[in-house]
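Participant: Build me a structure from this.
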Amino acid sequence: MDDRTPARPAHRSRPAQRAGSSTTLRARLWFWPSVAAASSFLATLGLLLVRPSPEATWVRWAWPSGTDAASGLLQAVASSIMTATTLIFSLTVVALQLASQQFSPRLLREFARDRVTQAVLAVLVSTFVVAVTGLRGMDPDGPLPVLVPPVVLLLAIASAGALLVFVGHIVRSLRVDTMMVSVHQQAAAALRETYPRYGDRSKDPSPELAARTGGELVTSTRSGLVKTVHPRLLVRSAHDHGLFVAVMVRPGDHVGVGSPIAEVWSDQGVGPPRHEGLDRVLATAVELGYERTLEQDAALGLRQLTDIAVKAISPSINDPITAAHAVGYCTDLLVRLQGCRLGPQQHDDEDGVPRVMTLDRDHRYYLDLVCAPVRRFGSAEPLVLTALLRMLRDCAANARDDEQREELSRQTGLVLESTDPQLLGYDAAAVHDLARRVGLALDGDLRGAYQDRAGETRSV
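Facilitator: Model (predicted):
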């Protein structure tokens, strides 16, 4: 037994459930098409009420034909739209299958929340709903709902244009370069939003706070992956209760039922009594879900890129060039990370009193995340090994401190150790030459690290 007081569960609050459900709904492929269908149905019911006298001039201008022609148009549009919608769903399923098998199963969420796909489906579904609802309201013995046929005609033209847009979009989306650019951009945005700059030490916790022990553990009543952590939500509650809270999980971590997610102290330094209000706020601040998101989890972007690299060098695909390009995108993210301040962050209340501390990942974690799987599966492919060493050279050229240089040197050694001894002498020499250039970059000799005969140490 230790000196800590018994752990207590953090209950999931209703605001957190609503916030998580709202984000999940918007990421669903069917959400916006369903909203468009419901809106179209209500709008069509309103249009069916507009039945002016056929003698009016504007009526003949809006629809010069009769009810039979209008019904024929609506029937033709409804049947054609169903065919087009089936085609789009088929193409989307093929795209999801291809992304899962050849790239990464963690890319499926991006396809499901793709705005272009959702917009095209919304246009098609709306057109179908308006046509079917309008057809139901046609009365051959009564006045014609004169606004329905021209609206359906315009929606049919829009649907044809949307279908062309979707075909071009899906062709672009299925390109692996497009996927890698999208992941890279989202991960870079997460880095900008999550981390302060390298020299910013305003949120560094004091050594006393970082080494504090003996608090009360708060455990989770749910399992899942940490999607986001919002420390500012905890600061106010901790201030009201006179507490200091150390959040023990990070975005991307897996949390099991009963596992600790936070440690709490009172201002007097002893474990506080139960505060149900803090439990609810903690469950809101640490949002759990069934999948990771890129909102605060830049590591997910690196994981997706390494997934693409590992898939590309698998025997079934055997595309080391794509793997090298994926490592190239990882290079930019790792260089950006070196310009960020990693480590725990302290969050103060309005009075300047520390109230919350959040943990973070370090430089070694990110380097291992990229290098470990790629060097294991690409140990017999010199194109992949040299791509990793080029990445480490670029990181070495931008290293900020000795800790970063030490980790880069460690990774270089691991790449050399994992190199297949059966490589041809020429290929092995190229790998060792780039490893030597990493060392030159670590020593500050950038000219020697990058100078080559014909650009062979930069290109793939």
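Participant: Quick one: the helices in the stretch 201-350 of the chain, in order.
Facilitator: Taking DSSP state H, counting those that start in this stretch, the helices of the stretch 201-350 of the chain run over residues 207-210, 231-241, 276-285, 298-312, 320-338.
Participant: Deepest in the core, which of those helices is it.
Facilitator: With neighbours taken as mean count of other CB atoms under 10 Å, the helices of the stretch 201-350 of the chain reach their highest mean count in helix 298-312, at a mean of 24. All C-beta spots, glycine's among them, are computed from the backbone N, C-alpha and C.
Participant: Need the nearest residue in space to residue 145, chain neighbours excluded.
Facilitator: residue 48 (4.7 Å; CB to CB, 6 or more residues apart in numbering).
Participant: Compare the helices of the stretch 201-350 of the chain and give me the one nearest residue 157.
Facilitator: Closest of the helices of the stretch 201-350 of the chain to residue 157 is helix 298-312, at 38.2 Å (criterion: CB to CB).
Participant: Dump that closest one to CSV, keeping only the CA atoms.
Facilitator: Extracted as CSV, the C-alpha positions of helix 298-312 are listed here (Å, rounded to 0.1, in the frame of the first residue of the first chain):
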residue,chain,number,x,y,z
ALA,A,298,-0.5,15.6,-33.6
ALA,A,299,0.9,12.1,-32.9
LEU,A,300,-2.1,10.7,-34.8
GLY,A,301,-0.9,12.5,-37.9
LEU,A,302,2.5,10.9,-37.6
ARG,A,303,0.9,7.5,-37.0
GLN,A,304,-1.2,7.9,-40.1
LEU,A,305,1.8,8.8,-42.2
THR,A,306,3.9,5.9,-40.8
ASP,A,307,0.9,3.6,-41.5
ILE,A,308,1.1,4.6,-45.1
ALA,A,309,4.9,4.0,-45.2
VAL,A,310,4.6,0.6,-43.6
LYS,A,311,1.8,-0.4,-45.9
ALA,A,312,3.8,0.8,-48.9
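Participant: Run through the residues that contact residue 197.
Facilitator: By CB atoms under 8 Å, 6 or more residues apart in numbering, the contact set of residue 197 is 339, 340, 341.
Participant: Just the buried ones from these, in ChimeraX syntax?
Facilitator: Restricted to buried positions by 16 or more other CB atoms under 10 Å, the ChimeraX selection for the contacts of residue 197 reads:
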select :340,341
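Participant: could the contacts of residue 197 go into CSV alongside distance to residue 117?
Facilitator: Formatted as CSV, these follow (distance: CB to CB, whole Å):
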residue, distance to residue 117
339, 35
340, 33
341, 38
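Participant: In CSV, list the contacts of residue 197 along with pLDDT and distance to residue 169.
Facilitator: CSV is the format used below for the contacts of residue 197 (pLDDT from 0 to 100; distance: CB to CB, whole Å):
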residue, pLDDT, distance to residue 169
339, 94, 34
340, 94, 33
341, 92, 38
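Participant: quick one: which of the contacts of residue 197 is nearest to residue 241?
Facilitator: Distances from residue 241 to the contacts of residue 197, taken as CB to CB, are shortest for residue 341 (29.1 Å).
Participant: With residue 199 as the reference, measure out to that closest one.
Facilitator: Here the criterion is CB to CB, to the nearest Å. By it, residue 341 lies 7 Å from residue 199.
Participant: May I see the buried residues of stretch 116-135?
Facilitator: Under the neighbour-count criterion of 16+ other CB under 10 Å, stretch 116-135 has 117-135 buried.
Participant: sorry, back to before: share the number of residues neighbouring the residue nearest to residue 145, please.
Facilitator: When neighbours are defined as other CB atoms under 10 Å, residue 48 has 17 of them.
Participant: How about residue 78: what's its closest non-neighbour residue?
Facilitator: In space, and not counting its chain neighbours, residue 78 is closest to residue 131: 4.1 Å by CB to CB, 6+ apart.
Participant: which residues touch that neighbour?
Facilitator: Counting by CB under 8 Å, 6+ apart, residue 131 touches 74, 75, 77, 78, 81, 152, 155.
Participant: what helix or strand is it on?
Facilitator: Using DSSP states H and E, residue 131 falls within helix 115-136.
Participant: which is the next helix or strand following that helix?
Facilitator: Next along the chain after helix 115-136, taking DSSP H and E as the criterion, comes helix 148-173.
Participant: any idea how far the residue lying closest to residue 292 once chain neighbours are set aside lies from residue 342?
Facilitator: Counting by CB to CB, 6+ apart, residue 292 lies nearest to residue 300, which is 4.6 Å off, once chain neighbours are set aside. Distance, residue 300 to residue 342, using CB to CB: 16 Å.
Participant: again, but for residue 451
Facilitator: 32 Å.
Participant: Doesn't residue 420 belong to a strand?
Facilitator: No: if the criterion is DSSP: H, G, I helix; E, B strand; the rest coil, then residue 420 is coil and not within a strand.
Participant: separation between it and residue 324?
Facilitator: Using CB to CB, one obtains 17 Å as the distance from residue 420 to residue 324.
Participant: rewinding a little: mind checking pLDDT for the residue nearest to residue 145?
Facilitator: As predicted, residue 48 sits at a pLDDT of 86.
Participant: these two touch, right, it and residue 134?
Facilitator: Yes: at 6.8 Å, residue 48 and residue 134 qualify as touching, with contact defined as CB atoms under 8 Å.
Participant: shared neighbours of these two, which are they?
Facilitator: 145, 148.
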